[in-house]
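Chemist: Build the 3D model from these lines:
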Amino acid sequence: MEASVDLSAFKVALIVLCAAAVVIPLFHRRRLSPVLGFMLVGVIVGPFGLGRLSHSLPWIGPWIGAVTITDPDAIAPVAHLGVVLLLFVIGLELSLERLWLMRRLVFGLGALQVVISTALLAGVALLAGLGAPASIVLGLAGAMSSTAVVIGVLAEEKRLGTQVGRASFAILLCQDLAVVPILFVLGTLGAGTHGSGLAGFGLAVGQAVAAVAAIVALGRLGLRPLFRSVARTRSPELFMSACLLVVIGTALASEAAGVPMALGALIAGLLLAGTEYRRQVQVTIEPFKGLLVGVFLISVGLGLDLGEVVAEPAIILGATAILMLLNLGIIAVLARCFGLSWVTGVQTGLLLAPGGEFSFVILSIAVTEMLLPEKLAEPALVVAALTMAAIPMFSALGKRLARVAATQAVPAAPEPLPASDGPRVIIAGFGRVGQTVAAMLDVHAVPYLAIDHDADRVTRQRTLGKPVYYGDMTQIALLRSLDLNEARALVVTMDERGAVDDLVAAARAERADLLIVARARDAAHAAHLYRVGASDAVPETIEASLQLSEAVLVDVGAPMGPVIASIHEKRAEIQANIKALAPHAEVRELGRRRLRDTKPRAERHTEPRVRQDTEPHAGHGAGSRGEGDTIPRAEIASGE
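Modeler: Numbers count the residues shown, from 1 in each chain. Okay, here's the model as predicted:
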């Protein structure tokens with residue numbers, strides 16, 4: 001007989017999935033932040049929302065209990081995992097090299113913000129009559145901002161690459177790094193330390209340094225072989241399991257060594273950022289990260305007791321105003337001292353002035369270590385949750401202030417997060433054809449980035465210094481992660497017909513004005529590619545036959561000039577036949593468009609280009625244009 005299933009075990013998962021599938025689309029339709037939506041769900045289904053009604057209305061208590069989460073600790077591990085995955089993805093985007101380039105903003109601006117905010121907030125608490133340990137705890141908690149919410153809001157608004165996004169990211173990264181010494185300070189101040197004072201602190205720091213060094217060493221030695229072995233199977237399921245193994249394994253190992261889980265995940269991401277598997281790992285982890293960060297936001301809403309705001313409005317609102325004004329002023333002034341404009345500083349301050357997820361960690365540990373009375377911790381937790389919930393509104397306020405001050409000159413950030421080397425050509429498939437295309441792009445100094453699903457081939461090309469990454473190019477998420485919106489062209493050289501068709505169609509649907517040059521099997525396949533969105537299709541069998549014909553005719557003694565002319569006439573005839581197979585396809589004008597003059601999408605108009613029919617040339621090979629082509633030979637010879 002089959003055992004009965006405990007449905008209550010699935011209640012939390014069902015509530016989270018309902019929030020993701022029902023509530024968040026409604027917020028998206030209303031152009032409201034999903035961050036606010038997840039938090040609102042937490043408030044409604046939490047112990048201070050519908051959960052409170054289950055006690056005051058016993059006759060409907062069982063029904064309400066089926067859709068509420070009365071114990072926030074029930075989702076705490078999953079919520080924490082959401083923050084871990086967020087820091088892992090940040091590490092993938094950052095890399096050790098970029099972190100070093102950002103050192104002035106991270107370890108200068110960020111470190112000063114943490115120190116000054118902690119000192120001033122602790123000073124206010126001392127003036128209010130609190131003891132030194134409690135004041136230090138409140139100062140440390142108030143200096144922390146929310147990485148999960150701020151990064152989520154900036155990503156949703158597509159502002160991560162702006163000066164505000166880069167400054168915010170630098171400060172948040174420093175705060176995340178500062179959590180380690182902060183937790184050690186709390187342990188030293190508390191009752192259960194490793195020994196007396198300085199000796200215990202030194203032991204804890206040494207243990208953390210050793211743990212980080214071990215993670216870095218094992219990561220450098222083992223990550224590449226692990227992912228190469230899994231990638232060889234070409235199994236998406238195994239690749240996903242390897243990604244989750246690295247994230248969760250590193251986080252748990254860090255926690256066991258006394259280092260926060262999120263910091264361990266950040267280090268793992270930094271190590272993977274320098275490998276050829278970075279982009280595919282990012283695409284694989286992204287859905288998990290988005291959903292689990294939503295769980296974290298719901299957990300924040302669960303702890304938000306609006307009744308306490310009503311019961312003690314003066315204390316809650318006064319503490320909120322002090323936290324926001326002090327942090328906002330400190331960040332704005334520091335940003336100006338580091339060369340950023342006042343507008344950028346104020347926008348950054350509005351995003352980072354509210355409390356953060358580590359505020360909850362600091363306050364909880366302080367209560368456990370008897371450094372902070374629980375009656376003081378509760379309003380502090382409410383203030384942190386309340387201000388976090390308001391981050392989307394503070395972001396909107398900052399953008400409105402920026403529009404008002406749009407006439408002011410904004411100096412460039414002195415230490416920006418390095419972006420890619422301008423618009424690039426994306427090569428899908430790096431076999432012999434893709435490598436030949438890349439070699440010609442190198443000759444003309446055109447930057448490119450290549451993707452291939454053969455792990456061994458990618459490894460060999462990476463050892464030669466080629467910008468090649470492992471990944472499945474038919475995934476639209478991977479296309480987007482390659483900055484397809486800013487790409488100069490997409491060259492599809494893969495030999496799997498179905499994959500080529502799917503990729504061309506997906507890329508055209510994603511961006512209407514993208515230059516897409518695709519490898520085709522034959523004339524019929526070329527016509528099909530034109531119909532699904534290719535700008536130019538090169539039938540490999542036809543080009544091979546034309547080149548063979550040219551070689552035979554020249555070798556048997558036919559004059560070079562007439563041979564070349566006849567080859568081009570034949571190519572034009574074949575091209576006309578291909579166009580007849582795709583009469584309604586939009587064939588874009590490529591002849592007069594020089595690749596090196598192509599601008600990013602944001603810098604050009606996007607009117608459709610229609611190729612002139614006077615001399616069609618689809619189906620040509622590299623360097624095989626003649627007098628009938630639109631580009632003169634003088635331009636080809638000069639590299640134009």
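
Chemist: Below-threshold pLDDT in this protein: ranges please.
Modeler: Low-confidence regions of the chain, defined here as pLDDT under 70, cover residues 1-9, 33, 54-62, 95-97, 180, 184, 187-205, 406-422, 583-640.

Chemist: Checking the residue sitting furthest away from the middle of the chain next. Helix, strand or coil?
Modeler: The centre of the chain is farthest from one residue, residue 557, which by Cα atoms, centre = their mean lies 60.2 Å away. Taken by DSSP: H, G, I helix; E, B strand; the rest coil, the conformation at residue 557 corresponds to coil.

Chemist: what's the distance between it and residue 101?
Modeler: In this structure, residue 557 and residue 101 are separated by 61 Å, where distance is defined by Cβ to Cβ, to the nearest Å. All C-beta spots, glycine's among them, are computed from the backbone N, C-alpha and C.

Chemist: still on that earlier bit, phi, psi of the residue farthest from the centre of the chain?
Modeler: Residue 557 adopts backbone torsions of phi 110, psi 10, taken as degrees, to the nearest 10.

Chemist: remind me, longest helix of this protein?
Modeler: Of all the segments of type helix in the chain, defined by DSSP state H, the longest one is helix 197-232.

Chemist: what's the following helix or strand after that helix?
Modeler: From helix 197-232 onward toward the C-terminus, using DSSP states H and E, the following helix or strand is helix 236-256.

Chemist: Restricting the selection to alpha carbons, write that next one to CSV.
Modeler: Provided in CSV are the C-alpha atoms of helix 236-256 (Å, rounded to 0.1, in the frame of the first residue of the first chain):
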residue,chain,number,x,y,z
PRO,A,236,22.8,19.6,-20.5
GLU,A,237,21.6,17.7,-17.4
LEU,A,238,25.2,16.7,-16.4
PHE,A,239,26.5,20.2,-17.1
MET,A,240,23.7,21.7,-14.9
SER,A,241,24.6,19.2,-12.1
ALA,A,242,28.3,20.2,-12.3
CYS,A,243,27.4,23.9,-12.0
LEU,A,244,25.3,23.3,-9.0
LEU,A,245,27.9,21.1,-7.5
VAL,A,246,30.6,23.8,-7.8
VAL,A,247,28.3,26.5,-6.3
ILE,A,248,26.9,24.5,-3.4
GLY,A,249,30.1,22.6,-2.7
THR,A,250,32.2,25.8,-2.5
ALA,A,251,29.6,27.6,-0.4
LEU,A,252,29.4,24.7,2.1
ALA,A,253,33.2,24.3,2.3
SER,A,254,33.5,28.0,3.0
GLU,A,255,30.9,27.9,5.7
ALA,A,256,32.6,25.0,7.3
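
Chemist: Okay, angle between that helix and helix 197-232 too, please.
Modeler: Per axes from the mean of the first three to the mean of the last three Cα atoms, to 10 degrees, the angle that helix 236-256 makes with helix 197-232 is 170 degrees.

Chemist: Any buried residues in helix 236-256, and which?
Modeler: By neighbour count, and taking 16 or more other Cβ atoms under 10 Å as the criterion, the buried residues in helix 236-256 are 239, 240, 242, 243, 246, 247, 248, 250, 251, 253, 254, 255.

Chemist: State the distance from the fourth one to residue 67.
Modeler: Residue 243 sits 33 Å away from residue 67, going by Cβ to Cβ.

Chemist: One more: the third one?
Modeler: When Cβ to Cβ is applied, the distance between residue 242 and residue 67 equals 36 Å.

Chemist: before we move on, what about the first one?
Modeler: From residue 239 across to residue 67, the span is 36 Å (Cβ to Cβ).

Chemist: just to revisit the earlier point, I'd like to know which elements the longest helix of the chain is packed against.
Modeler: Helix 197-232 is packed against helix 163-189, helix 236-256, helix 261-273, helix 455-463, with contacts defined by 3 or more Cβ pairs under 8 Å, 6 or more residues apart in numbering; DSSP states H and E.

Chemist: which residues touch the shortest one?
Modeler: Contacting residues not belonging to helix 455-463 are listed as 224, 227-228, 231-232, 276, 430-431, 435, 450, 452, 468-470 [Cβ atoms under 8 Å, 6 or more residues apart in numbering].

Chemist: Neighbour count and distance to residue 483 added to those residues, as a markdown table?
Modeler: Rendered in a markdown table, the data for these read as follows (neighbours: other Cβ atoms under 10 Å; distance: Cβ to Cβ, whole Å):
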| residue | neighbour count | distance to residue 483 |
| --- | --- | --- |
| 224 | 19 | 24 |
| 227 | 23 | 23 |
| 228 | 17 | 25 |
| 231 | 23 | 23 |
| 232 | 12 | 28 |
| 276 | 24 | 17 |
| 430 | 25 | 18 |
| 431 | 13 | 23 |
| 435 | 20 | 22 |
| 450 | 26 | 14 |
| 452 | 25 | 18 |
| 468 | 25 | 16 |
| 469 | 21 | 13 |
| 470 | 24 | 18 |
